[in-house]
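S.K.: Predicted model and sequence below, questions to follow.
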Amino acid sequence: MSGGGDELKLLSTWFSPFGSRVKLALHLKGLSYEYVEEDLMNKSQLLLESNPVHKKVPVLFHGGKALCESMVIVDYIEAAFPDAGPPLLPSDPYERAVARFWVAFIENKFVAPWCQMFDVTKTPDEKTEGLKQILAARATMEGALEEYSKGKGKPFFGGDSVGCVDIALGGLLVWVRASEVLSGVKLLDAATAPLLSAWAERFAALDAAKAALPDFGRVLEYAMKMRGPAAAGAVAANK
């Protein structure tokens, strides 16, 4: 895996929630980068060479090397630029491990069943099971946010500032809102998840989120066009 130059270059798609995670980290750190839009229907040689195993976006190039997988890239950004912007991971080893646990939880218990729920190749029972898993994960994340706040009203999973858990979930925020419209199921509403709902509002108001997240209307239009197996595939094709 290789890329040219010492500059930061991000290869992704405008709609990728996983690419949004990397953009969030870069903006929170105040790092300049070149953005290259990838066409997943006609994958570039750059993508195929830089991520030959999965052939997915996002890919971040730095120092002549390519890095893949969104949260691996976020980890790298923190390690490579520890003095730029606020820390994205805790300095304490235990707290850092806990944060990584919740990132894995979001991947396995929220993202995976979310894709399942919108995949028309799945049976109705499988879709229903996917929704059940999402709602269970939402309840767990609501409790986790309450614990992270330590009863002191901390605004984010990272405490007073955004951390890697916020990035992992926040990168999905626009797509979650679009899926609420498509499915009619409210995932982050104040009635059933008041802490997550308030967190989502705070997160969306961040300058980094405004710069990194795609436009909701554009995502919704795109999702409606691709509704069905392609909609799930659009998520599965980038991570």
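M.R.: Yep, that arrived.

S.K.: quick one, what contacts Asn42?
M.R.: Contact analysis of Asn42 by Cβ atoms under 8 Å, 6 or more residues apart in numbering lists nothing. C-betas here are computed from N, CA, C, even on glycine.

S.K.: Wait, a strand at it?
M.R.: No: using DSSP: H, G, I helix; E, B strand; the rest coil, the assignment for Asn42 is coil, not a strand.

S.K.: That one and Ala97: what is the separation?
M.R.: Plainly put, Asn42 is 40 Å away from Ala97 if you go by Cβ to Cβ, to the nearest Å.

S.K.: Also Ala104?
M.R.: Ala104 is 11 Å from Ala97, by Cβ to Cβ.

S.K.: and the most centrally placed residue in the chain, what pLDDT?
M.R.: The centroid of the chain falls nearest to Gly171 when counting by Cα atoms, centre = their mean (3.2 Å). Gly171 carries a pLDDT score of 98 in this model.

S.K.: isn't it right up against Ser20?
M.R.: Yes: at 4.1 Å, Gly171 and Ser20 qualify as touching, with contact defined as Cβ atoms under 8 Å.

S.K.: Overlap in contacts, those two.
M.R.: Common neighbours of Gly171 and Ser20 (Cβ under 8 Å, 6+ apart) are Ala212, Leu213.

S.K.: Would you enumerate the residues in contact with Ala168?
M.R.: For Ala168, the contact set (Cβ under 8 Å, 6+ apart) comprises Arg21, Met71, Val74, Trp102, Val103, Ile106, Glu107.

S.K.: Quick one, grab the pLDDT at it.
M.R.: The model reports Ala168 with a pLDDT of 98.

S.K.: Quickly find the element holding it.
M.R.: Applying DSSP states H and E as the criterion places Ala168 in helix 164-170.

S.K.: How far away from the center of its chain is that helix?
M.R.: How far helix 164-170 lies from its chain's middle: 6 Å, per Cα atoms, centre = their mean, to the nearest Å.

S.K.: C-alpha coordinates for it, PDB please?
M.R.: What follows is helix 164-170, C-alpha atoms only, in PDB (Å, rounded to 0.1, in the frame of the first residue of the first chain):
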ATOM      1  CA  CYS A 164     -13.500   8.700  19.000                       C
ATOM      2  CA  VAL A 165     -16.800   7.200  20.200                       C
ATOM      3  CA  ASP A 166     -18.600  10.500  19.200                       C
ATOM      4  CA  ILE A 167     -16.800  10.300  15.800                       C
ATOM      5  CA  ALA A 168     -17.800   6.600  15.300                       C
ATOM      6  CA  LEU A 169     -21.500   7.400  15.900                       C
ATOM      7  CA  GLY A 170     -21.500  11.000  14.600                       C
END
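
S.K.: which is the next helix or strand following it?
M.R.: helix 173-183.

S.K.: Pull the residues that contact that next one.
M.R.: By Cβ under 8 Å, 6+ apart, helix 173-183 touches 17, 20, 114, 117-118, 131, 185-188, 200, 203-204, 209, 213-216, 219-220, 223-224, 227, 235.

S.K.: The contacts of Ala168: which two are farthest apart?
M.R.: Pairwise distances across the contacts of Ala168 (Cβ to Cβ) peak at 14.0 Å, for the pair Arg21 and Trp102.
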